[in-house]
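Q: the following comprises the amino acid sequence and a computationally predicted model.
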Amino acid sequence: MDNHDKSKNEQSNLGESINEFIQKNRKAIFTAVGIVIILFLGAVIFVSVKGSMEKNASIALDGLIKKFEDQKENINIEEYNDEINALISELETFAAKNGGFSGGKAWSLAADINVIRKDWEKAEELYLKASRSGKKTYHSPISLFNAAAAAEEQGKLEQALDYLKQSISQTVEFPAAPRAQFAIGRINEMLERYSDATEAYREILIKWPEMAEWQNLARSRIIAIEINN
């Protein structure tokens, strides 16, 4: 038998073996194929539904943002209290049902209303919810920064420091990071922790050399501490 005939026989035997294997295991094979198809279709449906839900959430959020902007000037007017409280309730209900950017933004808007009302304790609580809800978005560090401001208004300086440090340590981009770092130095000065304050200001000089405004402010505070203490 020459090599050509031998190769032909080997291919024929291989084909018969494959055919025999399929015949013996056809039920398991068809079941496996069916599962793959179901999983694929499930993934397609999930992506489609998720996309639709996110679109609907975005549309609903836009409506809430418009309501906030329309009512912003009325927040501290007593005759509008019912409407403002209803808006807060809407925002909180929406935020509780939606995570990510949409949920974080809704919690943040509810917090902003309480800032305007100077209800700092409630604002702090809601900003923390905004941070947790939008933890993978820029809402997280911004909300922590705002929570720090609300805590400071209540005289909770240690808590404010903790929020500020958390805001800077976030992995998402935070343009206000040098401002938060400066606030850490400022609050440490208020607590008469001058060594910690100096260290905080020097962090600005190291981490944000391109931010001239914050560089100058940090240097001026370091010089002031060295002169006065």
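A: Now that the structure is in, tell me what you want to look at. Keep in mind the model is a prediction, meaning the values are calculated, not measured.
Q: backbone phi and psi for Gln71, please?
A: phi -100, psi 0 (degrees, to the nearest 10).
Q: so it versus Gly155, what's the distance?
A: Relative to Gly155, Gln71 is positioned 30 Å away (criterion: C-beta to C-beta, to the nearest Å). From N, CA and C alone the C-beta is placed, and that goes for glycine too.
Q: these two - which one has more neighbours?
A: Gln71 (16 against 9; other C-beta atoms under 10 Å).
Q: residues near Leu64, how many?
A: Around Leu64 there are 19 residues (other C-beta under 10 Å).
Q: that one sits in which helix or strand?
A: For Leu64, the host element (DSSP states H and E) is helix 3-71.
Q: tell me the mean pLDDT over that helix?
A: On average, the pLDDT along helix 3-71 is 59.
Q: specify the local secondary structure of Trp107.
A: helix (DSSP: H, G, I helix; E, B strand; the rest coil).
Q: what score does the residue lying closest to it once chain neighbours are set aside have for pLDDT?
A: Leaving out its chain neighbours, the residue that sits closest to Trp107 by C-beta to C-beta, 6 or more residues apart in numbering is Ala130, at 3.6 Å. On the pLDDT scale, Ala130 is placed at 94.
Q: report how many residues lie close to Ala130.
A: Neighbour tally, Ala130, other C-beta under 10 Å: 29.
Q: OK, contacts around it?
A: Ala95, Gly103, Gly104, Lys105, Trp107, Ser108, Ala111, His139, Ser140, Ser143 (C-beta atoms under 8 Å, 6 or more residues apart in numbering).
Q: need the worst-confidence member of those residues.
A: Comparing the contacts of Ala130 by pLDDT, His139 comes last, at 85.
Q: how near is it to Arg193?
A: 30 Å.
Q: same check, this time on Glu153
A: From Glu153 to Arg193 the distance is 20 Å (C-beta to C-beta).
Q: ok so, going back, in a markdown table: the contacts of Ala130, plus neighbour count.
A: Formatted as a markdown table, these follow (neighbours: other C-beta atoms under 10 Å):
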| residue | neighbour count |
| --- | --- |
| Ala95 | 25 |
| Gly103 | 23 |
| Gly104 | 27 |
| Lys105 | 24 |
| Trp107 | 28 |
| Ser108 | 23 |
| Ala111 | 25 |
| His139 | 26 |
| Ser140 | 22 |
| Ser143 | 28 |
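Q: could you dump these to a markdown table with distance to Arg202?
A: Below are those laid out as a markdown table (distance: C-beta to C-beta, whole Å):
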| residue | distance to Arg202 |
| --- | --- |
| Ala95 | 39 |
| Gly103 | 37 |
| Gly104 | 32 |
| Lys105 | 35 |
| Trp107 | 34 |
| Ser108 | 32 |
| Ala111 | 32 |
| His139 | 29 |
| Ser140 | 26 |
| Ser143 | 27 |
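Q: tell me which of those residues fall in helices.
A: In this view, these that belong to helices under DSSP state H are Ala95, Gly103, Gly104, Lys105, Trp107, Ser108, Ala111, His139, Ser140, Ser143.
Q: tell me which residues touch the closest residue to the first one other than its chain neighbours, please.
A: In other words, Ala95. Closest residue in space to Ala95, ignoring its immediate chain neighbours: Ala106 at 3.7 Å, by C-beta to C-beta, 6+ apart. Applying C-beta under 8 Å, 6+ apart, one finds that Ala106 lies in contact with Leu61, Leu64, Leu91, Glu92, Phe94, Ala95, Asn98.
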